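K.L.:
next come a sequence and a model predicted from it.
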Amino acid sequence: MGETSLRKRGEDEKSIQSNEPKTTSLQKEVGLVSGICIIVGTIIGSGIFISPKSVLSNTETVGPCLIIWAACGILATLGALCFAELGTMITKSGGEYPYLMEAFGPIPAYLFSWTSLMVMKPSSFAIICLSFSEYVCAPFYSGCKPPETVIKCLAAAAIMLITTVNALSVRLGSYVQNFFTAAKLVIVAVIIISGLVLLAQGNTKNFENSFEGTKLSVGTVSLAFYNGLWAYDGWNQLNYITEELKDPFRNLPRAIVIGIPLVTVCYILMNIAYFAVMSPTELLQSQAVAVTFGDRVLYPASWVVPLFVAFSTIGAANGTCFTAGGIIATIYIIPGDINSLVNYFSFAAWLFYGLTILGLIVMRFTKKDLERPIKVPIFIPILVTLISVFLVLAPIISRPAWEYLYCVLFILSGLIFYFLFVYYKFGWAQKISKPVTMYLQMLMEVVPPEKETE
C-alpha cells in the first residue's frame, strides 16, 4: 500500500493475474509427498492439545465429539480446495486481500487487512501462548487449576520472549521453528501409538453407548465447530506452496485431499487415545488433557508429554509471531481466556473465509474469462459459504456473548480509518497512517513462516 491508497490500487489494477516481472523465482523442487508433509506440518500446532476439552464440553458425549472432529476436517478440505482455485486464478500475494479486492472492491479487502491486524493475528498469538502457559503450569499444580495470574503472566512472558528472539535474528527464529516442528510431530506420534496400544489391550469402555445422553443444539454445535476448526487453522494458506510444487495444478489439489484428511485421521486418533484413558467426565475435569494422558500412560516418563507439548505450542507461537502484533496480543491476554478468544478469533475468521469463498462464486459469473487451472465443482463453494453463514450467525443467535460484539465493533472501526486515511486522504491523516499502512502491506505480503522453514 505505502503511499498509494487501497482505493487507487484497486482502480489501477488492470489484470487479476499478475504479469509483473518476478525478482526471484522459486525452483519447483517440492513433490507431492513433500507438499503433503508441508500441509500436515502447517496445520498441526497447539489446537489439538487444547480443543478436545472444549469440543467435548459442547457435545457432551464421545460419539458426537468424534463426528465434529471429522466434520471439521471435511470442511477444512473443502475450504482449501476453494482457496486453491482462487490462488491459481488470482496469482497475487496477500491471501484473502486480492481475492476480496477483485470480487467486491476495496472496502471488504481493507476490512480484511484491518481485521487481520487487529483481531485474527494477535488473538491467535494470544491463544497459542495461553495454551503454552497452561501446559507448562499443569505439572506444577497437579490436581488443581493453576492460578489465572500465573498463566497470564507466563503467556505474556512467552510473547515477549518470542518477539525478542525473532526481532534479534530471523535465522535464529527459523532454527527454533524447525526444532519445534519436529517436537510436535514426535508427541503426536507418541500419543497416537500409545492410544492404539491401549485399544488393542481392550480399553474400549468409554466408547460404549457413545451417543447416550447427547443433547445438542444449534449453539453447542457451532461452538464445537469453532473449537475444532481452531485446530485445523492454517488450511487457508496452503496455496502458498504452489510456486514450489512440481506440476502444481495437479499436485496441489492432491496434496490437499491427502494432507488435510491425514491431519483429520491424526486428530481423531488422538481423541480416541484420550478417551481410551479418560472418561468424558475425567477429560472435562482435566486441566491439561495431554498431561493427564501422559501421567496415566507413560509414567515414570510422563514428563515427556508436557515438555513436548510446550515445544509444540511455543513453535506454533513462534510461527504466528511473524505476522502478529505482540503488544495487541498481550492486551488480549489480560481480560480473555482461551475459550473466549477462540470464539472471538473464529467469528472473525469465518466471517472473512465465507466472504472470500462467496467471492469465488461471484467471480464465476463476473470473471468468466479468467483462466482457472484448478476449478472445483460449484456446489463446494456454495456449501462452504452456507456453513460459514451458519458458523457466524448461530453462536450470536443462540448464545450471545460479549466477544462477538467486541469483534464486530473492531471490524467496523476499520471503516473510520478507511474513510479518513484512504478514501478522502486527508493530509494529516496520511502522515499518521503511513506507518500503519506500510505494516499492513508487510502483513498481507509476508510468506507464512512454516513454508520458509520446512
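P.N.:
Yes, it's here.
K.L.:
and residue 145, what does it touch?
P.N.:
Residue 145 makes contact with residue 287, according to CB atoms under 8 Å, 6 or more residues apart in numbering. Glycine gets a C-beta too; all of them are placed from N, C-alpha and C.
K.L.:
tell me the pLDDT at it?
P.N.:
The per-residue pLDDT reported for residue 145 equals 81.
K.L.:
part of a strand, is it?
P.N.:
No: counting by DSSP: H, G, I helix; E, B strand; the rest coil, residue 145 falls outside a strand, being coil.
K.L.:
phi and psi next, for it.
P.N.:
Dihedral angles of residue 145 (phi, psi; degrees, to the nearest 10) stand at phi -80, psi 130.
K.L.:
so how far is residue 422 from residue 283?
P.N.:
Distance from residue 283 to residue 422, counting by CB to CB, to the nearest Å: 48 Å.
K.L.:
and residue 349, by the same measure?
P.N.:
For residue 349 relative to residue 422 (CB to CB), the value is 23 Å.
K.L.:
also residue 42?
P.N.:
Distance check for residue 42 against residue 422: by CB to CB, it reads 32 Å.
K.L.:
for residue 147, same thing?
P.N.:
45 Å.
K.L.:
do the same with residue 196
P.N.:
Note on residue 196: its distance to residue 422, by CB to CB, is 55 Å.
K.L.:
comparing those two, which residue is more hemmed in?
P.N.:
Taking neighbours as other CB atoms under 10 Å, residue 196 and residue 422 compare with residue 422 leading, 22 against 14.
K.L.:
that one contacts residue 110, correct?
P.N.:
Yes: the pair residue 422 and residue 110 passes the contact test of CB atoms under 8 Å, sitting 6.6 Å apart.
K.L.:
my read: residue 112 touches residue 354, true?
P.N.:
No: using CB under 8 Å, residue 112 is not in contact with residue 354; the gap is 11.8 Å.
K.L.:
who has more neighbours out of the two?
P.N.:
A direct count of neighbours by other CB under 10 Å for residue 112 and residue 354 places residue 112 higher, at 27 against 21.
K.L.:
next SSE downstream of the helix or strand harbouring that one?
P.N.:
Following DSSP states H and E, one finds residue 112 within helix 106-115. Under the assignment DSSP H and E, the closest C-terminal helix or strand after helix 106-115 is helix 121-137.
K.L.:
and the helix or strand following that following helix, average pLDDT?
P.N.:
Downstream of helix 121-137, the first helix or strand assigned by DSSP H and E is helix 148-168. The average pLDDT within helix 148-168 is 85.
K.L.:
so how far is helix 148-168 from its chain's centroid?
P.N.:
Centre-to-centre, helix 148-168 and its host chain are 20 Å apart (CA atoms, centre = their mean, to the nearest Å).
K.L.:
do the same with stretch 186-197
P.N.:
That offset, for stretch 186-197, works out to 23 Å (CA atoms, centre = their mean).
K.L.:
got any ranges where the stretch 101-250 of the chain has weak pLDDT?
P.N.:
169-178, 240-241, 243 (pLDDT under 70).
K.L.:
let's see that with 90 instead.
P.N.:
105-106, 113, 116-125, 128-129, 131-149, 158-187, 202-220, 233-250 (pLDDT under 90).
K.L.:
one step back: next, the angle helix 121-137 makes with the helix holding residue 112.
P.N.:
Angle between the axes of helix 106-115 and helix 121-137 is 30 degrees (criterion: axes from the mean of the first three to the mean of the last three CA atoms, to 10 degrees).
K.L.:
could I get helix 106-115 in CSV with only the CA atoms?
P.N.:
Extracted in CSV, the C-alpha atoms of helix 106-115 (Å, rounded to 0.1, in the frame of the first residue of the first chain):
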residue,chain,number,x,y,z
PRO,A,106,-11.5,-2.1,-1.8
ILE,A,107,-13.7,-1.8,1.3
PRO,A,108,-14.1,-5.5,2.1
ALA,A,109,-10.4,-6.0,1.2
TYR,A,110,-9.3,-3.2,3.6
LEU,A,111,-11.6,-4.6,6.4
PHE,A,112,-9.9,-8.0,6.0
SER,A,113,-6.5,-6.4,6.3
TRP,A,114,-7.7,-4.4,9.3
THR,A,115,-9.3,-7.4,11.0
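K.L.:
which strands or helices does that helix pack on?
P.N.:
Secondary-structure packing of helix 106-115 (3 or more CB pairs under 8 Å, 6 or more residues apart in numbering; DSSP states H and E): helix 6-12, helix 96-104, helix 338-366, helix 402-417, helix 427-445.
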